[in-house]
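**Q** when you get a sec, could you give me coordinates for this:
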Amino acid sequence: MDSILKPGDIVRGRWTGNRFIVKAIIEVNTKWELYKVQALPTGLFFALKVSGFIPDLSHEFRIIRDLNKKENIRQTGLIPQVYILDDFLLAKRHYRFYVMDVPCGERLCSLLPFLREREMGWLFYQLSSFLHKLQSAGWEFTNLQPASIFVDSGQAKLVVVDFTELQPCKNLSQNLARLENEQTRWLLNSDSGKDGLKQDTSLETAKTQIVVNAVGIFSFLLFLGSIIYTYF
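**A** As a prediction, the model looks like this:
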């Protein structure tokens, strides 16, 4: 898939006048693209998220900005800090972008085959705790993919870079109960190794999932659990 921007391109915000030079392509998909950029003239590095779907990106920026105001969610470290929302013109087409912190590490989907069981378990617990706090705040993901989650293996930390599929919760109490049960199950099985996971037959069926489709988050947690079972 061709990217909108290439390394060396300069993006100038239409409204703010801020300028950034593209240093590297981080992620490209059908809805949005993520680049590592350097601000001019300060030289500071950021991530630039670009999309031709202007309303979606504007909505996502506002959600992330508002979630960062909630201390319990911001302290998880799984949500990036966002700074500027603007747009630029390229080949007679308008693109919207916002600037955020550069995600450290690699995408979760690339690291899955190389993570040890306890590493995966800790990351899994971080994510479930984060999703629990999101749901307590009234939000849930309708589609969250491993390609949208970055892992800093040195610190065993996660960061989510895509919130376009974050929507208000429809069944908040039911989803929270499911998530709490899943967290409890992980804690009970964390010292039992593979045997504890093999006893969960629902994880076996989740092995066939390639893309996470987690209305209410539960399917995504089962997907990650199946990865532990498959590789370890």
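**Q** measure the residue of the chain most remote from its centre to Lys133 for me?
**A** Checked against the mean C-alpha position of the chain, the extreme residue using CA atoms, centre = their mean is Lys92, at a distance of 30.6 Å. Remark: distance between Lys92 and Lys133 (CB to CB, to the nearest Å) = 43 Å. In short, each C-beta sits where N, CA and C put it, glycine included.
**Q** cool, Arg107 as well?
**A** Going from Arg107 to Lys133 by CB to CB gives 23 Å.
**Q** hmm, back to that, let me know the pLDDT of the residue farthest from the centre of the chain.
**A** On pLDDT, Lys92 comes in at 88.
**Q** tell me how far it lies from Leu108.
**A** 37 Å.
**Q** contacts only, for the residue farthest from the centre of the chain.
**A** By CB atoms under 8 Å, 6 or more residues apart in numbering, no residues touch Lys92.
**Q** phi, psi for it please.
**A** phi 70, psi 20 (degrees, to the nearest 10).
**Q** surely Phe130 meets Leu78?
**A** Yes - Phe130 lies in contact with Leu78 (CB atoms under 8 Å); the separation is 4.5 Å.
**Q** hey, what's in contact with both of the two?
**A** Leu158, Val160.
**Q** got the domain ranges for the chain?
**A** Domains of the chain are assigned by automatic domain parsing as 10-100, 106-231.
**Q** and those domains, which one is worst for confidence?
**A** domain 106-231 (a mean of 64).
**Q** and the longest helix for the chain?
**A** In the chain, assigned by DSSP state H, the helix with the most residues is helix 117-136.
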